[in-house]
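**Student:** Have a look; sequence and predicted model below, questions after that.
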Amino acid sequence: MNSLDFSPLFRNAIGFDRVSRLIDSALTGTDQSAGYPPYNIERTADDSYRLTMAVAGFGPEDISITQHENALLVTGRVRQPDAQRQFLYRGIAGRAFERRFQLADFIKVGGAELVNGLLHVDLVREVPESMKPRQIKIAAGKAQTIEAQQAA
């Protein structure tokens, strides 16, 4: 069974159909990269996260980070090998990669840095003021009275 029916959950919810697509894509296993490069996702505060990827051998000019709507794409391109180098054994992976991450609503990239072979991407949830909960003031009004007219 590769598909789940979420229709009972959506009877009283509007606009959550993206959740079912996200779960379906997770169940189908569309990740072709087979775990390369390895990464961590950590929560650094209530509304901030950090994605850390092990990208040994890649420089800042070899890595591209793109955010489009609710998707984050991290790609690494392989530099052309030096023709003068001759490897007897090559155990350090140097292949190109592409990693896609689905982001929740209002998650934005705060910054990125490459330190000691680790790419750190800081993510922040920035909820617009118009989307934050607000208190509604209830006005006190006069009760309306209806006068009954007597039939003559």
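**Tutor:** Structure's in. What do you need? Remember, it's a predicted structure, so these values are computed and weren't measured experimentally.

**Student:** all contacts plus neighbour counts: C-alpha atoms, from now on.
**Tutor:** Will do.

**Student:** hey, where'd the helices end up in this protein?
**Tutor:** 17-28 (DSSP state H).

**Student:** Kindly report the domain assignment for it.
**Tutor:** 1-30, 33-127 (automatic domain parsing).

**Student:** Among those domains, which comes closest to residue 133?
**Tutor:** domain 33-127 (10.4 Å; Cα to Cα).

**Student:** which regions of the chain sit below the pLDDT cut-off?
**Tutor:** 1-4, 6-7, 9-22, 24-34, 81, 93, 143-152 (pLDDT under 70).

**Student:** what about the nearest residue to residue 95 once chain neighbours are set aside, neighbour count?
**Tutor:** Once flanking residues are discounted, residue 95 sits nearest to residue 78: 6.0 Å by Cα to Cα, 6 or more residues apart in numbering. If you count neighbours by other Cα atoms under 10 Å, residue 78 ends up with 14.

**Student:** ok, residue 78 to residue 128 distance?
**Tutor:** 39 Å (Cα to Cα, to the nearest Å).

**Student:** Check the separation of the first and last residues in stretch 35-43.
**Tutor:** Using Cα to Cα, the two ends of stretch 35-43 sit 21 Å apart.

**Student:** If you could redo that for stretch 51-71, that was the one I meant.
**Tutor:** End residues of stretch 51-71 are separated by 14 Å (Cα to Cα).

**Student:** residues making contact with that stretch?
**Tutor:** 37-42, 72-79, 94, 100-105, 107-109, 114, 116-123 (Cα atoms under 8 Å, 6 or more residues apart in numbering).

**Student:** ok, 6 Å please
**Tutor:** Here stretch 51-71 makes contact (Cα atoms under 6 Å, 6 or more residues apart in numbering) with 37-41, 72-77, 101-103, 117-121.
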